[in-house]
Structures are given as C-alpha cells and as structure tokens.
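>>> one predicted model, sequence on top.
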Amino acid sequence: MLGSREDPLLGHRFLVECEGILVAGFQEVSGLELTLEVEEVSEGGSNDLVYRLPKGVKAGTLVLKRGLCQAELWEWFREVQKALSFRRPLTTRTLYLVILDSAGEEALRLALNGAYPVKWTGPELKAETASVALESLELAYLGVEKI
C-alpha cells in the first residue's frame, strides 16, 4: 500500500534471556555474527586459477556490556571453570536475544545455541563513581536460529 511504512527494529530495546532467566541489566550487546569460512585451493597445472571452497560456518563471540551479573550467570561461569579444571564436558546453554518494537512488544527472538561464558570483566572500582557491577560478559556460541 502506497504511503504506509514499517519502522525498522531499533537496536536499543532488547532483552537477554538464559534458560528462562531474564538478564535485562545489560546496556549493550555486540558480536552477533556468522561467517562462512572458505578454503582457497589452487587448480593443479593452472597457476592463475584459485577456487574458494566453503569450509564451515564460524559463530562470533557475544559481548554483553555494562550490566548487572545475576547469581545464575556467575554460577554458570564457575561451572565452566570447574569443568575445565576437572576435564569434564562444558555446560552449554541456549541464550535468547529478544528485540522489542517501539511499543515494547517482542518483534524478533534469536536463539544462540551451544553458548557458554568465556570472559568476565569487572568494572573499575572507584568510590567517587556509581559504576555498574559488571563491565562485560563474553559468551561463545555455536549458531544462531531465528525463533
């Protein structure tokens, strides 16, 4: 229909959910990416021709910045740390990134499968500032699925 327009989804209204736990204390999310890796193979006998063959899909590292660390997220990080110490399998989970529309309703939900925490960064602790309790949490993941 002529004259109607749909507003794009804005990146400043989102929620982060982990197994039913709402982690809404983060102000920024980045690292949502999938990359198709390719392998370059030269054709035998022809030095001027190089094929680029698909090799696999590589997921990024999700970075949640400036937030509050729920006890469940900290415990998950500790579980992963203990698993590495005792050479046990990692505890992976499905993480949901929920993007809201301008009315505050869910417009898009992405599932990040096989996620686990890889880095926790605390804030600079200064008595004269009121900084948040967690500077960033980074999570590795295997893939992204639109729900």
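That came through, no problem. Numbering: from 1, shown residues only.
>>> show me the strands in the protein, by range?
For the chain, applying DSSP state E gives strands covering 14-18, 21-22, 28-30, 34-42, 50-59, 61-67, 93-100, 106-121, 134-140, 143-146.
>>> of all these, which lies closest to Leu84?
strand 106-121 (10.4 Å; C-beta to C-beta). In short, each C-beta sits where N, CA and C put it, glycine included.
>>> on that earlier part again, out of the strands of the chain, flag the one nearest Phe77.
strand 106-121 (4.4 Å).
>>> shaky segments in the protein?
1-12, 23-25, 68-70, 129-134 (pLDDT under 70).
>>> for beta bridges, what are the partners of Gly143?
Asn113 (DSSP bridges).
>>> now do Pro117
Residues in beta-bridge contact with Pro117 (DSSP bridges): Leu139.
>>> from Ile99, how far off is it?
22 Å (C-beta to C-beta, to the nearest Å).
>>> equivalent analysis for Ile21, please.
18 Å.
>>> tell me which of these two has more neighbours.
Ile99 (17 against 13; other C-beta atoms under 10 Å).
>>> so that one sits right up against Lys146, yeah?
No: using C-beta atoms under 8 Å, Ile99 is not in contact with Lys146; the gap is 10.9 Å.
>>> tell me, what's touching the two both at once?
Shared contacts of Ile99 and Lys146, defined by C-beta atoms under 8 Å, 6 or more residues apart in numbering, comprise Leu108, Arg109, Leu110.
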